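Enquirer: got a predicted model here, sequence first, then my questions.
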Amino acid sequence: MQRILRRLACFTLAVSYVAAGFGLSRKPPSAGQGDQVAPSGPNPSLSPFVDVHAHLDPADPARSVRSALEALAAENAAKIVFMPPPFTADDPARYDAELILPAAKDHRDRLAVLGGGGSLNAMIHQSVQSGEAGPRIQWRFQQRAEELLRAGAVGFGELAAEHFPGATPYQSAPPDHPLFLLLADIAAEHGVPIDLHMEAIPQTMAPPAGVTVPGRPQLEANLAGFERLLAHNPRARIIWAHAGWDNTGYRTPELCRRLLGAHPNLYMDVKVDPVRPGRNSPLSGGGSGTLKAEWLRVFQDFPDRFVIGTDQHYPLPPAGPQRWQAAVLLLNQLPAELRQKIGMDNAAKLYFSGSPPRSPR
């Protein structure tokens with residue numbers, strides 16, 4: 001009889017998960033249970049979290065900020081960190097933190113800004129193309145980096161060592177380029193993080209299926225250079241953006257584990273794209289589903305080294321599932337203590353050690 005009752009209980013629980021998955025039940029699971037929450041509706045995070053990687057519409061920063069502030073309660077987000085994308089020098093759409101800061105300045109308890117995507121990143125890639133990285137260029141680079149911090153940026157980002165074509169053109173720079181190494185020193189001196197976008201390429205390879213890189217039949221290996229960057233200044237806190245959104249197939253949980261174990265100054269922000277999940281998603285269905293055991297083990301073994309970076313754009317796109325929903329789906333499947341660390345505590349230490357973010361009103 002007890003065996004029958006246990007089976008009945010398991011069947012009832014399974015039915016409740018299926019119902020949630022098709023939007024038949026909107027009741028959230030109890031906190032701390034790590035239950036599956038479907039992205040069928042705007043289910044908020046079970047506990048407050050900080051989104052450390054978001055973008056806005058440069059044509060209307062004020063509207064973007066209003067949209068983000070309105071979304072905080074629906075997401076149960078405590079704070080959002082905006083940053084410019086990694087631009088090239090010749091991109092006519094290029095902008096930097098100065099465009100975002102005025103719109104965010106009256107909401108410092110809810111919003112923060114990284115800088116350098118529209119200037120430092122362009123300077124790095126110009127240096128790669130010209131082959132010049134001498135004292136004059138390094139002086140200009142350092143002046144610009146410190147100018148961004150004086151203006152109110154809480155760190156540097158989004159920078160690109162390997163960025164496939166999309167919203168911005170293809171970009172590739174050795175992660176141990178002299179200007180990346182210099183930025184690590186500047187970041188360490190000022191106690192601020194670096195947000196780095198880099199597709200994982202362990203050896204020279206052709207562009208992966210579905211990726212077209214004009215004029216580049218081969219992509220250069222970058223993991224060894226990335227490790228040299230991490231080792232260059234162990235006090236520099238480097239956030240490798242978009243764990244869980246892999247476009248080469250090589251950013252596996254095993255690779256993340258190896259690098260985190262070798263480099264105590266490496267952190268990763270977690271992204272799940274519900275529309276374009278890429279490879280090695282932490283969720284069983286790519287952009288949805290249950291949390292994979294191998295990713296959960298990495299999160300549990302390195303609980304202080306992950307943050308949530310949804311890559312959400314504001315204003316929110318009018319149709320389709322939002323990226324923040326997919327990230328929250330993952331977050332809500334974590335045990336309560338681990339969810340608190342990855343959702344709030346780690347971001348507070350990395351970005352806001354002087355003034356930790358408050359819970360949403």
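Expert: Perfect, I can see it now.
Enquirer: can you map out the strands along the chain?
Expert: Using DSSP state E, the strands of the chain run over 49-56, 77-82, 111-113, 115-116, 156-163, 171-172, 194-198, 238-243, 266-270, 306-308, 312-314.
Enquirer: return the most buried member of those strands.
Expert: strand 115-116 (a mean of 30; mean count of other C-beta atoms under 10 Å). Any C-beta I mention is one placed from the backbone N, CA and C, and that applies to glycine too.
Enquirer: go through the strands of the chain and name the closest to L255.
Expert: L255 lies closest to strand 238-243 among the strands of the chain, at 10.0 Å (C-beta to C-beta).
Enquirer: report the contact partners of the residue nearest the centre of the chain.
Expert: The centroid of the chain falls nearest to G309 when counting by C-alpha atoms, centre = their mean (3.2 Å). By C-beta atoms under 8 Å, 6 or more residues apart in numbering, the contact list for G309 reads D51, V52, H53, A54, D195, I239, A241, H242, D269, V270, K271.
Enquirer: which of those residues lies closest to A262?
Expert: Lowest distance from A262 to the contacts of G309 (C-beta to C-beta) belongs to I239, with 16.3 Å.
Enquirer: my guess is I124 meets L181, correct?
Expert: No: between I124 and L181 there is no contact under C-beta atoms under 8 Å: 10.7 Å.
Enquirer: if you count surrounding residues, which of the two has more?
Expert: I124 (28 against 17; other C-beta atoms under 10 Å).
Enquirer: which ones are touching the more buried one?
Expert: The contact partners of I124, by C-beta under 8 Å, 6+ apart, come to F141, L159, A173, H177, L179, F180.
Enquirer: which of these sit farthest apart?
Expert: Distances among the contacts of I124 were taken as C-beta to C-beta; the most separated pair is F141 and A173, at 13.0 Å.
Enquirer: what about the two, which has more around it?
Expert: Legend: neighbour count by other C-beta under 10 Å for F141 and A173, higher for A173 (25 against 22).
Enquirer: and for the spatially closest residue to the more buried one that is not a sequence neighbour, the neighbour number?
Expert: Of all residues not flanking A173 in the chain, V128 sits nearest, at 4.7 Å (C-beta to C-beta, 6 or more residues apart in numbering). By other C-beta under 10 Å, the residues close to V128 number 16.
Enquirer: where do the helices sit along the stretch 251-361 of the chain?
Expert: 253-262, 293-301, 323-331, 336-340, 346-351 (DSSP state H, counting those that start in this stretch).
Enquirer: how about JSON lines for those helices, with distance to E98 and mean neighbour count added?
Expert: Shown next, in JSON lines, are the helices of the stretch 251-361 of the chain (distance: least, C-beta to C-beta, whole Å; neighbours: other C-beta atoms under 10 Å):
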{"stretch": "helix 253-262", "distance to E98": "33", "mean neighbour count": "16"}
{"stretch": "helix 293-301", "distance to E98": "36", "mean neighbour count": "16"}
{"stretch": "helix 323-331", "distance to E98": "26", "mean neighbour count": "27"}
{"stretch": "helix 336-340", "distance to E98": "34", "mean neighbour count": "17"}
{"stretch": "helix 346-351", "distance to E98": "19", "mean neighbour count": "22"}
